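Chemist: Make a model of this:
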Amino acid sequence: MILLLRAIGRYFIFAGSLFTNMESFRTYFKLVIDEAILIGYNSIFLVSIVSIFIGAVTAIQTAYNLVSPLIADYVISLVVRDMSILELAPTIIAVVFAGKVGSSIASGLGTMRITEQIDALEVMGINSVSYLVLPKIIGTIITFPLLVILAAFLSIWGGYIAGVFTEVITPQEYIYGIRAEFNEFTVTFALIKAFAFAIIVSSISAFKGFYTEGGALEVGKASTSAVTNSVIAILLADYLLAQLLLN
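Modeler: Next comes the predicted model:
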């Protein structure tokens, strides 16, 4: 328990040091663009593949469980729509994102730590936390909500392709189900979760990588710990946000 509290306190001190002794706006602008490309653009392919298959599987499994003739077929696309926007797109993609991007951030910073590059920055009077970590967090905050929007669209589209191809639903019924009983707040809720998850993944991964101690073996351990802690934090945040915003 003491170790946990110490780690939490160290994390908040780490977060507070992001905004002290900052560099010029021009410096951060270039770094943020580079990180946005590295974090967001390079994740598009993986996010697209996962999203399409998530939507397709959801449509097929929903159709399989609709055994009552009293339930209209358009409910299939309604379920795919709500599941994709509320949970699958933000949360599942956040877990995938933590595995790909979180491990990359942690291993990159961990390598810089054990090769004493971070120490060199601090000797030069540069706030290494702000210079190295802040652009990663901002880049993630900018790109991850866009990835969630893309994931939601592709998930619904994947459900359409699977449903129509297997003939469990007609195109007209699928489109009708997407439009039926739509609550606009679900999109807002998904974007709120996307911003929260972006901060969680980027900050925890950077924290784990920044304070890596030892050699190359510890870099791998820090990367694994970053993914594990990020996924646990994502699930906790998902539950808390659902309690706060949907009740």
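
Chemist: tell me which residues in the lowest-mean-pLDDT helix or strand in the chain are buried?
Modeler: Least confident element among the helices and strands of the chain, by mean pLDDT, DSSP states H and E: helix 2-16 (a mean of 80). Neighbour counts over helix 2-16 (16 or more other C-beta atoms under 10 Å) mark Tyr11, Phe14, Ala15 as buried. (Each C-beta comes from the backbone N, C-alpha and C, glycine too.)

Chemist: residues making contact with that helix?
Modeler: Residues outside helix 2-16 that contact it (C-beta atoms under 8 Å, 6 or more residues apart in numbering): Val129, Ser203, Ile204, Phe207, Phe210, Tyr211.

Chemist: swap in stretch 37-47?
Modeler: 93, 96-97, 100-101, 136, 139-140, 142-144, 146-147, 150-151, 154, 202.

Chemist: what's the closest of the buried residues of helix 2-16 to Phe189?
Modeler: Distance to Phe189 across the buried residues of helix 2-16 (C-beta to C-beta) is lowest for Ala15, with 24.7 Å.

Chemist: For the closest one, give its distance to Ala36.
Modeler: Distance, Ala15 to Ala36, using C-beta to C-beta, to the nearest Å: 20 Å.

Chemist: Phe29: neighbour count?
Modeler: 12 (other C-beta atoms under 10 Å).

Chemist: CA atoms only: put the helix or strand containing it into PDB for me.
Modeler: Following DSSP states H and E, one finds Phe29 within helix 25-39. C-alpha atoms of helix 25-39 as PDB (Å, rounded to 0.1, in the frame of the first residue of the first chain):
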ATOM      1  CA  PHE A  25       5.900  27.500 -28.700                       C
ATOM      2  CA  ARG A  26       7.700  26.800 -32.000                       C
ATOM      3  CA  THR A  27       9.700  24.000 -30.400                       C
ATOM      4  CA  TYR A  28       6.600  22.300 -29.000                       C
ATOM      5  CA  PHE A  29       4.700  22.800 -32.300                       C
ATOM      6  CA  LYS A  30       7.300  20.800 -34.300                       C
ATOM      7  CA  LEU A  31       7.500  18.100 -31.600                       C
ATOM      8  CA  VAL A  32       3.800  17.700 -31.400                       C
ATOM      9  CA  ILE A  33       3.400  17.400 -35.100                       C
ATOM     10  CA  ASP A  34       6.100  14.700 -35.200                       C
ATOM     11  CA  GLU A  35       4.500  12.800 -32.300                       C
ATOM     12  CA  ALA A  36       1.000  13.100 -33.800                       C
ATOM     13  CA  ILE A  37       2.300  11.400 -37.000                       C
ATOM     14  CA  LEU A  38       4.200   8.800 -35.000                       C
ATOM     15  CA  ILE A  39       1.300   8.100 -32.600                       C
END
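
Chemist: What count of nearby residues applies to Asn42?
Modeler: 13.

Chemist: Kindly report the same for the one 3 residues further on.
Modeler: Residue neighbour count, defined by other C-beta under 10 Å, stands at 9 for Phe45.

Chemist: Against Lys100, how distant is it?
Modeler: 10 Å.

Chemist: Need the three-state assignment for Val168.
Modeler: coil (DSSP: H, G, I helix; E, B strand; the rest coil).
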